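Asks: sequence and predicted structure are below.
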Amino acid sequence: MKKLKTKNLVILFIIFLCIFFMIHITTKTNKDPNKNDVVSMSKEPYKNISYYNKEYQQRYEKYKTENPDLSLKNIVTRVNIGLDHSFYTHTKKTPFLNKDYILVNKYLYLDKQYVPANLESISTQYSRSGMKLVHSAREAFENMAKAALDDHIQIIAMSSYRGYDYQVNLYNRYVASDGVEAADTYSARPGFSEHQTGLCVDIYDGVIDYTDFEKSKSFHWMEKNAHKYGFILRYPKGKEHITGYQYESWHYRYVGEEIASYIYKSHITFDEYYVRNFENQH
């Protein structure tokens, strides 16, 4: 009888140990931070990205499904730009008028009446006659062109500020020549042109045609130095899917030295920089 009692106690002890072990394992699993992270990420994987917009949550999820190889940061960036929609759809008026960091692209437009403040003529020493930029861009461009000249490099502004009506005639001419689909790859529709901001300039070296600017010594000088004066190559090679435009070696945009230097070092477009830093500020 005593042996039977001892045996029962041993069995009960073993059962107690098993129950205790199971409870311990379950508790540890529930407290596992990695498991909690998985649950959290499945609900809201973008919440730690500073430029995440909760209103776009469904758009992020849809774009992620369509582009599974993209990082979460790139998904948020591209959706914020509007790239989950076709170009020239879901457009809206751009904010930050008369600011150096204003963005105009195929989703953000300017009214036809908009004329930037402080437009000034560029010195004909560095431009064709009649070229204008806003004060900050004009001053920076002339300083840059002068520095280039000191290095025996010539930089000439061949196109700068364009009003809305000018862009109407230019775009329509391209459409008549090449059709809408082709024209949209290299020319902006009226209201969607950066030239209307007075912050961008098309340049050449005074010798080679501007479409071959990449082959000039002036281009290579710009590659190394433009950001020091606040200018960026606005439509770089390999970024056509983001900017919506063909690579243009001659098209430069003034954004200020700090932003230009960041973009230069990070190898991103102004569209990407803008939605990560300014979009949620207005």
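Replies: That came through fine.
Asks: could you point out which element follows the least confident helix or strand in the chain by mean pLDDT?
Replies: In the chain, no helix or strand scores lower on mean pLDDT, DSSP states H and E than helix 33-43, which sits at a mean of 37. Per DSSP states H and E, the first helix or strand lying C-terminal to helix 33-43 is helix 57-66.
Asks: in the helix or strand just after that next one, what's buried?
Replies: The first helix or strand that comes after helix 57-66 along the chain, using DSSP H and E, is helix 72-81. By neighbour count on 16 or more other CB atoms under 10 Å, the buried set for helix 72-81 is Ile75, Val76, Thr77, Arg78, Val79, Asn80, Ile81. (C-beta placed from N, C-alpha, C; glycine too.)
Asks: tell me the contacts of the fourth one?
Replies: When you say that, I think you mean Arg78. By CB atoms under 8 Å, 6 or more residues apart in numbering, the contact list for Arg78 reads Tyr63, Asn67, Leu70, Asp84, Ile242.
Asks: next, count neighbours for Lys217.
Replies: Residues lying near Lys217 (other CB atoms under 10 Å) number 15.
Asks: for the closest residue to it other than its chain neighbours, what are its contacts?
Replies: Nearest residue to Lys217 in three dimensions, chain neighbours excluded: Ile153, at 6.0 Å (CB to CB, 6 or more residues apart in numbering). Under the criterion of CB under 8 Å, 6+ apart, the neighbours of Ile153 are Asp205, Lys217, Ser218, Trp221.
Asks: likewise for Pro116?
Replies: Pro116 neighbours (CB under 8 Å, 6+ apart): Leu97, Asn98, Val134, Tyr161, Gln196, Thr197, Gly198, Leu199.
Asks: give me the nearest residue to Lys239, chain neighbours excluded.
Replies: The shortest distance from Lys239 to any non-neighbouring residue, by CB to CB, 6+ apart, is to Thr269 (5.1 Å).
Asks: next one: Lys146
Replies: Spatial nearest neighbour of Lys146, chain neighbours left out: Tyr126 (7.4 Å); criterion: CB to CB, 6+ apart.
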